[in-house]
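> Have a look; sequence and predicted model below, questions after that.
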There are 2 protein chains.
Amino acid sequence: MIQIADKRVERSKAAVLTETYRQLTQSGIGGFSIDEVSRTSGVSKTTIYRHWPSRSALLIDACSKLGSAPPPPDTGTLRADLHALVTTLAEQLQSAAWATVYPSIVDAAERDPEIAALQAGLHKAFMAPFHAVIERARERGEVRLSKPATDVIALVVGPLFYRRWFSKETIDDRFTEATVDAVIKDMLS
Amino acid sequence: MIQIADKRVERSKAAVLTETYRQLTQSGIGGFSIDEVSRTSGVSKTTIYRHWPSRSALLIDACSKLGSAPPPPDTGTLRADLHALVTTLAEQLQSAAWATVYPSIVDAAERDPEIAALQAGLHKAFMAPFHAVIERARERGEVRLSKPATDVIALVVGPLFYRRWFSKETIDDRFTEATVDAVIKDMLS
């Protein structure tokens, strides 16, 4: 009996998370409401609040599904590692659901400290593979890395984010190659 | 009498725009409502809709106050021109009201074509001085500009936007100098 009850709880939680995720990808954080999640998932608000004490807690849980960073590539050169990461990022920015939801998180983070903490966590996870490949290049002594890793990451990721969310230009292979080239040139000279 | 009526109309419009702008900077586009603007400005909804046929029309009008780009600097070198522009941008990103509002526009633009058009217009205005200084450097023959101006702008502006809205790191003089250096190096080599 306990097992059946557990399964029912798991099913309810899964239904709520799926519905939250669906709302997020459709309308962003601004369009998300617990009332609506309760209505469409068929799980009562009381039950939802039993599992997630606040709207933010549920959002954070649902957003943890948003983007799981790939394991960092290990091609042997920083240029090829960065190129692999940037190619994957470019694809995701232009097709993954999280790329549509992320601006709503960035916006809410301007005013809501809990969402700001959520964004900081997501950002850290997204950038972890970049830190890993730069760290390995430093250990190999491959490039003179006098500048902080965070500068390198801003130079390589910034232009892609800029194109996806601000200038809305295409992020094609030519652009990603040119961006990685600029960063590598900057570190070598 | 006509003059008095005109003045009253101008006063009402100004009150609505001021209140819209106040709401925008406080809560972003998501927190903005015509009901609330009507209530706090004391201007009836009927009057508001007489001047602005839609919520978007009012938003666009209010946002036109958000950021007026400075005239492009003309120091004689691309490096110094970019440095001046980037220094001003860094200051604005870290203190101007529009830097807090802009993510709500970027977010809404993901789903609302009218807001997307508004964002495109704002973006074009923000980037105009960058295009101007690059164009002048090209005319002077100062640097080999084989890459498109939009690539150069993504490389110089992208890292700043990245720091302000994504990594939330400080944008200090060291960082802006390093960013401009990287871009210039990329164009010279």
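Received it, and whenever you're ready, just let me know what you need.

> Quickly list the domain ranges of chain A.
Following automatic domain parsing, chain A resolves into domains at A:2-63, A:78-188.

> ranges for the helices of chain A?
For chain A, the helices defined by DSSP state H cover A:2-27, A:34-41, A:45-51, A:55-63, A:78-95, A:97-109, A:113-140, A:149-161, A:173-188.

> need the contact list for residue A:44.
residue A:38 (C-beta atoms under 8 Å, 6 or more residues apart in numbering or on different chains). Quick note: C-beta positions are derived from backbone N, CA and C, even for glycine.

> which ones are touching residue A:182?
By C-beta under 8 Å, 6+ apart, the contact list for residue A:182 reads A:155, B:155, B:182-183, B:185-186.

> Reformat those residues as a markdown table; add distance to residue A:93 and pLDDT.
Below are these laid out as a markdown table (distance: C-beta to C-beta, whole Å; pLDDT from 0 to 100):
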| residue | distance to residue A:93 | pLDDT |
| --- | --- | --- |
| A:155 | 17 | 96 |
| B:155 | 17 | 96 |
| B:182 | 21 | 93 |
| B:183 | 21 | 92 |
| B:185 | 26 | 87 |
| B:186 | 22 | 86 |
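
> out of these, who's nearest residue A:70?
Within those, the smallest distance to residue A:70 is 20.7 Å, found for residue A:155 (C-beta to C-beta).

> how about the nearest residue to residue A:137 once chain neighbours are set aside, what does it touch?
Using C-beta to C-beta, 6 or more residues apart in numbering or on different chains and skipping residues adjacent in sequence, the residue nearest residue A:137 is residue A:78, 3.8 Å away. With C-beta under 8 Å, 6+ apart as the criterion, the residues that contact residue A:78 are A:133-134, A:136-137, A:142-143, A:184, A:187.

> again, only using 6 Å
A:137, A:142-143 (C-beta atoms under 6 Å, 6 or more residues apart in numbering or on different chains).

> most surrounded residue in those residues?
Counting neighbours by other C-beta atoms under 10 Å in any protein chain shown, residue A:137 leads the contacts of residue A:78 with 21 neighbours.

> May I have the predicted confidence score for that residue?
For residue A:137, the pLDDT comes out at 92.

> Likewise for the one 5 residues further on?
Each residue has a pLDDT score; the one for residue A:142 is 82.

> Please report the distance of the residue nearest to it when sequence neighbours are not counted from residue A:180.
Leaving aside its sequence neighbours, residue A:142 sits nearest to residue A:78 (C-beta to C-beta, 6+ apart; 5.7 Å). In this structure, residue A:78 and residue A:180 are 9 Å apart, going by C-beta to C-beta, to the nearest Å.

> and what of residue A:30?
Going from residue A:30 to residue A:180 by C-beta to C-beta gives 35 Å.

> of those two, who's got more company?
Using other C-beta under 10 Å as the criterion, residue A:30 and residue A:180 rank with residue A:180 on top: 22 against 18.

> residue contacts, that one?
Per C-beta under 6 Å, 6+ apart, neighbours of residue A:180: A:82-83, A:86.

> now with 7 Å?
A:79, A:82-83, A:86, A:156 (C-beta atoms under 7 Å, 6 or more residues apart in numbering or on different chains).

> and which of the residues you listed is nearest chain B?
residue A:156 (8.9 Å; C-beta to the nearest C-beta).

> Now for the closest residue to that closest one other than its chain neighbours: which residues touch it?
Once flanking residues are discounted, residue A:156 sits nearest to residue A:183: 4.9 Å by C-beta to C-beta, 6+ apart. Shown in contact with residue A:183 (C-beta under 7 Å, 6+ apart): A:82, A:152, A:155-156.

> How many residues are close by residue A:139?
The burial count for residue A:139: 8, using other C-beta under 10 Å.

> who in chain A is up against chain B?
A:27-28, A:30, A:100, A:103-104, A:106-107, A:110-111, A:123, A:147, A:150-151, A:154-155, A:157-159, A:161-163, A:165-167, A:169, A:175, A:178-179, A:182, A:185-186, A:189 (C-beta under 7 Å from any C-beta of the partner chain).

> quick one: low-confidence parts of chain A?
Residues of chain A meeting the criterion pLDDT under 70: A:1-4, A:65-69, A:144-145, A:189.

> Run through the residues that contact residue A:164.
Residue A:164 touches A:93-94, A:99, A:171, counting by C-beta under 7 Å, 6+ apart.

> Repeat that for residue A:81.
Residues counted as contacts of residue A:81 (C-beta under 7 Å, 6+ apart) are A:73-75, A:133.

> do that again at 10 Å, thanks
A:72-75, A:129-130, A:132-134, A:136-137, A:142, A:180 (C-beta atoms under 10 Å, 6 or more residues apart in numbering or on different chains).

> just residue A:79 next, same as before
By C-beta under 10 Å, 6+ apart, residue A:79 lies in contact with A:137, A:142-143, A:177, A:180-181, A:183-184, A:187-188.

> and which of the contacts of residue A:164 is nearest residue A:39?
Taking C-beta to C-beta as the measure, residue A:99 is the one of the contacts of residue A:164 closest to residue A:39, at 27.5 Å.

> number of nearby residues for the nearest residue to the closest one once chain neighbours are set aside?
Counting by C-beta to C-beta, 6+ apart, residue A:99 lies nearest to residue A:93, which is 4.9 Å off, once chain neighbours are set aside. The local packing of residue A:93 (other C-beta under 10 Å) involves 17 other residues.

> Do I have it right that residue A:93 meets residue A:159?
No: applying C-beta atoms under 10 Å as the test, residue A:93 and residue A:159 come out as separate, 11.2 Å apart.

> got any residues that touch both of these two?
In contact with both residue A:93 and residue A:159: residue A:171, using C-beta under 10 Å, 6+ apart.

> how far away is the residue lying closest to residue A:60 once chain neighbours are set aside from residue A:62?
Nearest residue to residue A:60, sequence neighbours excluded (C-beta to C-beta, 6+ apart): residue A:118, at 4.9 Å. Residue A:118 sits at a distance of 10 Å from residue A:62 (criterion: C-beta to C-beta).
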